[in-house]
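Asker: Predicted model and sequence follow; I will ask about them next.
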Amino acid sequence: MGSFLLISIFSLLLRVSVSLHSYSGAGSPPKFGDFEAQRHWMEITTNLPIKDWYFNTTNNDLSYWGLDYPPLTAYQSYFHGLILKYFDPNSVSLFTSRGYETHFGKLLMRWTVLSSDLLIFFPAVLYFIFIYHGGNPSGGDKSDVAWHIAVILINPCLILIDHGHFQFNCISLGLTLGAVAAVLSRKNLLACVLFCLSLNHKQMSAYYAPAFFSHLFGSCLRRKNPPLEVLKLGLAVLGTFAIVWWPYLHSRDAFFGVLSRLAPFERGIYEDYVANFWCSTSILIKWKRLFTTDSLRFVSLVATILTFLPSMIQQILAPSSKGFLYGLLNSSFAFYLFSFQVHEKSILLPLLPATLLAMELPGVHSMLLMLCALLSMFPLLCRDKLVVPYMALYASSILLYLAPSGRRHIKKHLSRPMITFSVVMILCSLIFHIIYLTIRPPEKYPYLFEAMIMNFCFPHLLGFTVYTNAKQWMLSREFTSGDKEKKLN
């Protein structure tokens, strides 16, 4: 508990330090950026009746940052909006608050993310650590436990996006992490409720849905009365969704009106430059130009299902706690690499289970994955003027893995080829950073460097996905031979 408290204080200070820098859309009219989007949702929810939050009206212009997340995000915006309205009414006044960027208003906005992190993500990390390390985080090797806590809490990508760029991923990821810990402690009903809440905060939490479904379904099949177990979980899911969506269940139009806001197909198969299959291969195949949106939706859906299906089958046939964590990683990578409408920030979803598996994955693999994820977001964070905190957290990430516990974990799986590969990758990453910051791209190809970075990151992420799928299937042999899981059983 003492280690958790000290690391929490340090990681909180890191978040506060990053929040002192710029954010998405700072001083960039007419629509500004994600900071303004979150503030505008607080403005809308605190000034309009709930029936108008998702619909185009004279007071709610959906073309100006209309709500496009599920109802739990709207309720969160309303709650935070009430706080802003109490302390600084001008920050959420209807219409006149657009582009509101006073020092006090920004301070209040930053506080809403920090408090969300402290109230949801931090306790979820403690819950997970308590369950994962056998119900006694202070027992065993204290340095390893402390290192694991640090890897999860000091996730540079999450800190930069939530406290720099400005979002509330800490809420949806915290709810998912709580659900994961509940699964590991065999509280399946609680896990269903928490994961449904995560889905209802950000629809991207669906990246984890195949893992939750396959593990829980596989577990139910091994109970005395499988149909009854499935029914109980199904009722928990339906009940949670019904409560969250209740204001929009009074009519078909209201329900489908909100639902249509959650699927931004008009944005195309990917957004900006993202290190996934569609963006990386678009240099050779102009997907958006050659194919219709409907055909790309279908192809990306099939590709995503085929990628996460092996992981699902493994958990249905041989459900295990460790396999479930690998399933979360593999299903989220399947969505990130192949699904429709992926953003750079979506890399946060695979990174969560990757940090949870930090004690299981070879340390050098975990480090390289984190550095690759950071590099993939570098162009986005440069636009936000977050280069200084980015570089500081990039360095801190390396130092974390070179700390005694991290170094010991890396040495267990280190080989000469792996050393060579790691050195080459880190050197290439540093070269990309220098090129991007110091050299102007040719006028004919203004996004040349973004494309180079994405095409460097994509094969590494794809290779990591193949590796972790293989690792998950190797667990089946342990399951069938009757071996006990070393950590989580």
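Answerer: Noted; the coordinates are in hand.

Asker: Using the three-state scheme, assign Phe95.
Answerer: Using DSSP: H, G, I helix; E, B strand; the rest coil, the three-state assignment for Phe95 comes out as coil.

Asker: give me the number of residues near it?
Answerer: Counted with other CB atoms under 10 Å, residues neighbouring Phe95 total 9. Backbone N, C-alpha and C define where each C-beta goes, glycine included.

Asker: Ramachandran angles for Asn60?
Answerer: phi -140, psi 90 (degrees, to the nearest 10).

Asker: Please look at it and Pro49 and confirm they touch.
Answerer: No: the pair Asn60 and Pro49 fails to qualify as a contact (CB atoms under 8 Å) at a distance of 10.3 Å.

Asker: Can you report how many residues lie near Val183?
Answerer: For Val183, using other CB under 10 Å, the count is 26.

Asker: Is it within a helix or a strand, and which one?
Answerer: In the assignment (DSSP states H and E), Val183 maps to helix 169-184.

Asker: What are the buried residues along that helix?
Answerer: For helix 169-184, burial by neighbour count (16 or more other CB atoms under 10 Å) applies to 169-184.

Asker: where does the stretch 301-450 of the chain dip in pLDDT?
Answerer: For the stretch 301-450 of the chain, the stretches flagged by pLDDT under 70 are 412-414.

Asker: That one: strands as residue ranges?
Answerer: Remark: no strands are assigned in the stretch 301-450 of the chain by DSSP state E, counting those that start in this stretch.

Asker: Which stretches in it count as helices?
Answerer: All helices of the stretch 301-450 of the chain, identified by DSSP state H, counting those that start in this stretch, fall at 321-338, 348-356, 363-383, 387-402, 404-411, 416-438, 448-480.

Asker: Let me have these in a markdown table, extended by mean neighbour count and distance to Arg39.
Answerer: Shown next, in a markdown table, are the helices of the stretch 301-450 of the chain (neighbours: other CB atoms under 10 Å; distance: least, CB to CB, whole Å):
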| stretch | mean neighbour count | distance to Arg39 |
| --- | --- | --- |
| helix 321-338 | 26 | 28 |
| helix 348-356 | 26 | 21 |
| helix 363-383 | 22 | 19 |
| helix 387-402 | 17 | 21 |
| helix 404-411 | 17 | 38 |
| helix 416-438 | 13 | 30 |
| helix 448-480 | 18 | 28 |
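
Asker: So which of those helices is nearest Leu13?
Answerer: The minimum distance between Leu13 and these falls on helix 387-402, with 11.7 Å, by CB to CB.

Asker: Show me how far that closest one is from its chain's centre.
Answerer: Averaging C-alpha positions (CA atoms, centre = their mean, to the nearest Å) puts helix 387-402 19 Å from its chain's average.

Asker: Alpha carbons of that helix, as PDB, please.
Answerer: The C-alpha trace of helix 387-402 is given here as PDB (Å, rounded to 0.1, in the frame of the first residue of the first chain):
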ATOM      1  CA  VAL A 387       6.900  18.200 -27.600                       C
ATOM      2  CA  VAL A 388       8.600  19.100 -24.300                       C
ATOM      3  CA  PRO A 389       6.300  16.800 -22.100                       C
ATOM      4  CA  TYR A 390       6.400  14.200 -24.800                       C
ATOM      5  CA  MET A 391      10.200  14.100 -24.700                       C
ATOM      6  CA  ALA A 392      10.300  14.100 -20.900                       C
ATOM      7  CA  LEU A 393       7.800  11.100 -20.800                       C
ATOM      8  CA  TYR A 394       9.600   9.300 -23.600                       C
ATOM      9  CA  ALA A 395      12.800   9.400 -21.500                       C
ATOM     10  CA  SER A 396      11.000   8.500 -18.300                       C
ATOM     11  CA  SER A 397       9.500   5.400 -20.100                       C
ATOM     12  CA  ILE A 398      13.000   4.200 -21.000                       C
ATOM     13  CA  LEU A 399      14.300   4.900 -17.500                       C
ATOM     14  CA  LEU A 400      11.300   3.000 -16.000                       C
ATOM     15  CA  TYR A 401      12.300  -0.100 -17.900                       C
ATOM     16  CA  LEU A 402      16.000   0.400 -17.000                       C
END
